[in-house]
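> Could you work out the structure for the sequence below:
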Amino acid sequence: MSGKDGQIAELRRMLEASRRAVVFTGAGISTDSGIPDYRSPGGIWTKYKPVDFHDFMGSEEMRREYWRRKLATDTLVSQAEPNRGHRAVAELFRQGKASAIITQNVDGLHQKSGVAPDRVIELHGNTTYAHCLECGERYELAPIKQAFLKDETLPQCRNCGGIVKTATISFGQPMPEEEMRRAEEETLGSDLFLAIGSSLVVYPAADFPALAKRNGARLVIVNREATPLDGLADLALNLEIGPTLGAAVGVD
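So this is what the prediction gives:
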């Protein structure tokens, strides 16, 4: 058995032995769905520098720039469909192997693949809808997009007059306390922690794999490139994500 096939077979054995796996995902799992990652050459941040949250809050012009950049990249997310990697993760839930997904992604593709929304912990929020930063009222993007494209009208909450923003966590914006609490709880309850498609350099999110390992869980990392935590892992596979997970779980 080749090295690659042997690694996939070992991942399959670890999944079969697990009773409570937690899946941690980053941008790499969604690139096969046509969504570029952030840091690589040609990634989203090489074309559209993110708007800092404090700048967004302090300036109407920066809020307009935020929405210009959002609408320029929106098609990539709105038209994306789950790929083999997402389907393999969803199959782990169907089999009763996984208890939660902790994701750095904002694309909603785990939910679209069939995973129950209450099992997906979104550390960086969700870009497929917007909400009021004051009262939390949810807003769909289509009416916001239509008004903004007409004359760059900024969305405003109809309930309280507050500022409306996509439901993502921007640079400079505090991490969501409830999601961080749930992620820690799920991590500590896992017997297998599967980190997929993450460079594992963004903190505090990247603390979770190490926390799982310190708490006695087995740690698996699947990422195209090496990560700083590969040496800590029980199994590190620097392979293509969709084919690797699909082969390990038995999903085309």
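
> could you pull out the helices for this structure?
Under the criterion DSSP state H, helices of the chain are mapped to 3-17, 44-47, 53-58, 60-78, 84-94, 109-112, 141-151, 177-188, 207-214, 241-249.

> closest to T166 out of those helices?
helix 60-78 (6.1 Å; Cβ to Cβ). For glycine as for every other residue, the C-beta is placed from the backbone atoms N, C-alpha and C.

> what about D252, how many residues close to it?
7 (other Cβ atoms under 10 Å).

> Test my guess that it contacts G246.
Yes: at 6.4 Å, D252 counts as touching G246 under the criterion of Cβ atoms under 8 Å.

> Could you pull out the residues contacting both of these two?
Shared contacts of D252 and G246 (Cβ atoms under 8 Å, 6 or more residues apart in numbering): R84.

> which one of the helices of the chain has the lowest average pLDDT?
Here these differ in mean pLDDT, and the lowest is helix 44-47 at a mean of 54.

> is it true that T153 touches A147?
Yes: proximity of T153 to A147 meets the contact threshold set by Cβ under 8 Å, at 4.4 Å.

> From T187, how far out is the closest residue to E10 other than its chain neighbours?
Take E10 and drop its neighbours on the chain: the residue closest to it by Cβ to Cβ, 6 or more residues apart in numbering is L235, 5.8 Å away. Applying Cβ to Cβ, to the nearest Å, the value for L235 to T187 is 18 Å.

> same thing with S30?
According to Cβ to Cβ, S30 stands 22 Å off from T187.

> E134 too?
For E134, the distance to T187 (Cβ to Cβ) stands at 31 Å.

> What is the neighbour count of T227?
Per other Cβ under 10 Å, the neighbour tally for T227 reads 21.

> So what's the residue count around N215?
Residues within reach of N215, counting by other Cβ under 10 Å, total 13.

> How is this protein divided into domains?
If you go by automatic domain parsing, the domain ranges for the chain are 1-35+81-124+174-252, 42-79+126-168.

> Give me whichever of these is most buried.
Comparing these on average neighbours per residue, with mean count of other Cβ atoms under 10 Å, the densest one is domain 1-35+81-124+174-252 at a mean of 19.

> Which parts of the stretch 151-252 of the chain are strands?
Counting by DSSP state E, counting those that start in this stretch, residue ranges of the strands within the stretch 151-252 of the chain are 164-168, 192-196, 218-222, 235-237.

> mind checking which of those is nearest V22?
Nearest to V22, of all these, is strand 192-196, at 5.3 Å by Cβ to Cβ.

> Dump the C-alpha coordinates for that closest one into PDB.
Below are the C-alpha coordinates for strand 192-196, written out as PDB (Å, rounded to 0.1, in the frame of the first residue of the first chain):
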ATOM      1  CA  LEU A 192     -11.000  12.700  17.700                       C
ATOM      2  CA  PHE A 193     -10.400  16.200  16.500                       C
ATOM      3  CA  LEU A 194     -10.200  16.500  12.700                       C
ATOM      4  CA  ALA A 195      -8.800  19.800  11.400                       C
ATOM      5  CA  ILE A 196      -9.500  20.200   7.700                       C
END
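
> Relative to C160, how far out is the closest residue to R158 other than its chain neighbours?
Nearest residue to R158 in three dimensions, chain neighbours excluded: E137, at 7.5 Å (Cβ to Cβ, 6+ apart). Per Cβ to Cβ, E137 is found 8 Å from C160.

> go on, F171?
Distance, F171 to C160, by Cβ to Cβ: 25 Å.

> Look up how far R218 lies from R13.
R13 is 11 Å from R218, by Cβ to Cβ.
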